[in-house]
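Asks: Quick one, what's the 3D model for this:
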Amino acid sequence: MQPKSVALRKRTQIAKANRTMFIWVACVSVIFGFALVGSIFLGQMLMFNEKVLAEKDKTIAVLKTNNSNVTELESQVRMLDANQSLIDVKAKPDDRALQVILDALPSDANSLALGASLQTKLLTGITLNSLQVDPVDGVESLSNGATAATGSGEITFRFSVSGTEQALRQTLNNLERSIRTIDVVSFKIETQGDARVLTVQAKAFYEPSKTVELKDKVIR
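Replies: Numbering: from 1, shown residues only. Okay, the predicted model is just below:
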C-alpha cells in the first residue's frame, strides 16, 4: 500500500503544481494584456498630443507673421491715402483716397451697374447704337436661366457708337481715363454715310471680397 500512497501524493502534487502554474500564467497574461493595452493607449495619446502641439505651433507662427506685417500694412495704407494721384480722381470730395481703389476694383460682379456706368458716364455725348454687358458665369445669370462664359474676375462687354471722328476719339479717351480698369480687347471704326461707327469689345474687372476669421480645427 505504501508505494501506491507515495505515487498518489506525487500525482496530487503534480496536479497542484500544474494548477498553480496555470493560475500564474493566466495572471501574467492578464497583466501583460493590460500593460499592452495601456502602452498602446499611451502611445496614441502621445501621438495625438504631438499633432495638437504641431498645429498650435503652426497657428502661433502664422499669428507672429501677421502681427509683424501689421505695421508695414498700416504704413502702406497711410501712403495710399495720401497719394495725390488717387486724391485727384476721387468721385466725391469727401471720399477718402482709398475709396478710389475700391471703386476701380469692386468686390462684386455687378454687370448691371457696369452697364449703367458706361451709359451715364463713359458713352455720353455720342449716339449709342448698342450696348451688351455679359453676366459673369457662375455668379450672374441671364434672364432665360443660361449663363454667359467669362473668366473669373472679368466682366466682358461690347458696344457700338456713332458720331464724328472727334466724338469717337473722346469716347476712347473716356475709357482710358475711367476710374475702373477697362481692357479694350478690340475695336473697329467704320464709315456709314456721313457718320463713323465705333465698335468696341472690352472687359472690366472685379475682385471678390475675402473674409478673414479665426476658425476651430478638430484634430483627430
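
Asks: Just give the closest residue to F159, not the sequence neighbours.
Replies: L131 (4.3 Å; Cβ to Cβ, 6 or more residues apart in numbering). For every residue, glycine as well, the C-beta is placed using N, CA and C.

Asks: quick one: the one you found and E140, what's the gap?
Replies: 16 Å (Cβ to Cβ, to the nearest Å).

Asks: do L123 as well
Replies: 21 Å.

Asks: Show me what counts as buried in stretch 178-189.
Replies: For stretch 178-189, burial by neighbour count (16 or more other Cβ atoms under 10 Å) applies to S178, I179, R180, I182, F187.

Asks: returning to what we had before: contacts only, for the residue nearest to F159.
Replies: By Cβ atoms under 8 Å, 6 or more residues apart in numbering, the contact list for L131 reads G115, L118, Q119, L123, F157, R158, F159, S160.

Asks: How many neighbouring residues does the last one have?
Replies: Here the neighbour count serves as a burial measure; for S160 (other Cβ atoms under 10 Å) it reads 16.

Asks: what is it paired to in the beta sheet?
Replies: When bridges are called by DSSP bridges, S160 pairs up with S130, T199.

Asks: residue boundaries of the helices in the chain?
Replies: Assigned by DSSP state H, the helices in the chain fall at 2-81, 84-88, 98-104, 111-117, 165-176.

Asks: can you give me the mean pLDDT across the third one?
Replies: This points to helix 98-104. What helix 98-104 shows for mean pLDDT is 78.

Asks: Touching it from outside, list them.
Replies: So helix 98-104 is in contact with V77, L80, D81, L86, V89, K90, A91, I179, R180, T181, going by Cβ under 8 Å, 6+ apart.

Asks: try 6 Å
Replies: Contact with helix 98-104 is made by L80, D81, L86, V89, K90, I179, R180, T181, as judged by Cβ atoms under 6 Å, 6 or more residues apart in numbering.

Asks: Nearest spatial neighbour of the last one, chain-adjacent residues omitted?
Replies: Going back to what we said before, that points to T181. Of all residues not flanking T181 in the chain, F205 sits nearest, at 5.2 Å (Cβ to Cβ, 6+ apart).

Asks: and the one you found, what does it touch?
Replies: Contacts of F205 by Cβ under 6 Å, 6+ apart are G153, E154, T181.

Asks: 7 Å - rerun?
Replies: Counting by Cβ atoms under 7 Å, 6 or more residues apart in numbering, F205 makes contact with L105, G153, E154, T181.

Asks: Format these as TSV; extra columns: distance to N49.
Replies: Shown next, in TSV, are those (distance: Cβ to Cβ, whole Å):
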residue	distance to N49
L105	46
G153	43
E154	48
T181	51
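
Asks: Quick check: the farthest pair among the residues you listed?
Replies: L105 and E154 (11.7 Å; Cβ to Cβ).
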